[in-house]
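> fold the stuff below for me.
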Amino acid sequence: MVVADLHAHTTNSDGTLTLETLPAAAEEAGVSVVAITDHDRLHPDLRTPVAHLEGVTVVHGIELRVESEAGRVDLLGYGVRRTDGLTGLIGRLQADRIARGRKIIECVENRLDVELPVEPREGLGRPHIARAIGSTSAYSYQEAFNELIGHDCPCYVAREIPTFEEGVDVLSEACGLVSLAHPYRYEDTEAALSLCADLDAVERFYPYDHEVDPRAVQRAVETHDLLVTGGSDAHDETLGRTGLERDAYRRFRAAL
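Predicted coordinates for the structure are as follows:
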């Protein structure tokens, strides 16, 4: 039975979960531990690496996209402390998100002759803009990505991505554990897993939309002596789709 969902997003980035709704969502899912891993951003109301909220253990984390030899991958940092290095990196990335968001919004508004109900801000991502497009035009959320703001689309604007080396250095200083997120989502899973030589853990449990062969991850765990993490990558209020069972969570918590 899953007791820990170690990959969830809040309204602080591109999720719908809040700290106020988290206890009820955790109870509904039957999990007692939730990690908040917002994109490129710390949660302003979580001031310690681990907190307790109405009976739920909340691990403060972050999901950071980096550019590596294996392509772009996502790192999950757990048990975050606000170091100068992490604060500086996040500040740089959020300033870039604001500038990027402004360019995308202006492009869409000019192209569709609409006014989008969204403003450039920290934490803004393309999902926010896609939802705004869906509410003010004939485009659906997915069509907004497919035809307007997705890669190679007319209103797409690239964002700054730190290097793998910088991401690992900053997260290793600030976090208790650093894990490779969802290895089977990358084009070259084996190349992505080779990066685990410099990490503490790998996300073993994840709700993929396709069948995966777990042997590649298991080999990486054994080769690099990794802990395993797992979570639902929730961008909604549904937690516990997958995650860690009790014994695996105990090992994670002991290392954290």
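> got the phi and psi for residue 87?
phi -60, psi -40 (degrees, to the nearest 10).
> which residues of the stretch 51-200 of the chain fall in strands?
Ranges of strands within the stretch 51-200 of the chain are 56-68, 71-78, 177-180, based on DSSP state E, counting those that start in this stretch.
> quick one: mean pLDDT for the second one?
Averaging pLDDT along strand 71-78 yields 98.
> one more: the last one?
When pLDDT is averaged along strand 177-180, the result is 98.
> next, the buried residues of that strand.
For strand 177-180, burial by neighbour count (16 or more other CB atoms under 10 Å) applies to 177, 178, 179, 180. (Glycine included, C-beta is placed from N, CA and C.)
> returning to what we had before: deepest in the core, which of the strands of the stretch 51-200 of the chain is it.
For the strands of the stretch 51-200 of the chain, the largest average neighbour count (mean count of other CB atoms under 10 Å) is found in strand 177-180, namely a mean of 27.
> partner strands of it, parallel or antiparallel?
strand 71-78 (antiparallel), strand 201-205 (parallel) (DSSP bridges).
> could the buried residues of strand 177-180 be laid out in JSON lines, adding distance to residue 81?
Output for the buried residues of strand 177-180, formatted as JSON lines (distance: CB to CB, whole Å):
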{"residue": "177", "distance to residue 81": "12"}
{"residue": "178", "distance to residue 81": "13"}
{"residue": "179", "distance to residue 81": "17"}
{"residue": "180", "distance to residue 81": "21"}
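> rewinding a little: format the strands of the stretch 51-200 of the chain as TSV; extra columns: distance to residue 252.
Output for the strands of the stretch 51-200 of the chain, formatted as TSV (distance: least, CB to CB, whole Å):
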stretch	distance to residue 252
strand 56-68	9
strand 71-78	8
strand 177-180	7
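> ok, now how distant is residue 191 from residue 70?
4 Å (CB to CB, to the nearest Å).
> and for the nearest residue to residue 242 once chain neighbours are set aside, the neighbour number?
When the adjacent residues along the chain are set aside, residue 242 lies closest to residue 205, with 4.5 Å between them (CB to CB, 6 or more residues apart in numbering). Counted with other CB atoms under 10 Å, the neighbours of residue 205 add up to 24.
> what of residue 128?
Per other CB under 10 Å, the neighbour tally for residue 128 reads 19.
> ok, the one 4 residues further on next?
Taking other CB under 10 Å as the neighbour definition, residue 132 ends up with a count of 21.
> repeat for the one 3 residues further on
Using other CB under 10 Å, residue 135 is surrounded by 13 other residues.
> point to the residue nearest the middle of the protein.
The centre of the chain sits closest to residue 63, judged by CA atoms, centre = their mean, with a distance of 3.8 Å.
> surely that one meets residue 39?
Yes: counting by CB atoms under 8 Å, residue 63 touches residue 39, with 5.3 Å between them.
> show me where the stretch 1-150 of the chain has its helices.
For the stretch 1-150 of the chain, the helices defined by DSSP state H, counting those that start in this stretch cover 22-29, 84-112, 126-136, 141-144.
> packing partners of the longest one?
Right, the one you point to is helix 84-112. Other helices and strands packing on helix 84-112, by 3 or more CB pairs under 8 Å, 6 or more residues apart in numbering; DSSP states H and E, are helix 126-136, helix 164-174.
> with mean pLDDT and distance to residue 102 as extra columns, can I get those in JSON lines?
Output for the helices and strands packed on helix 84-112, formatted as JSON lines (pLDDT from 0 to 100; distance: least, CB to CB, whole Å):
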{"stretch": "helix 126-136", "mean pLDDT": "95", "distance to residue 102": "11"}
{"stretch": "helix 164-174", "mean pLDDT": "98", "distance to residue 102": "25"}
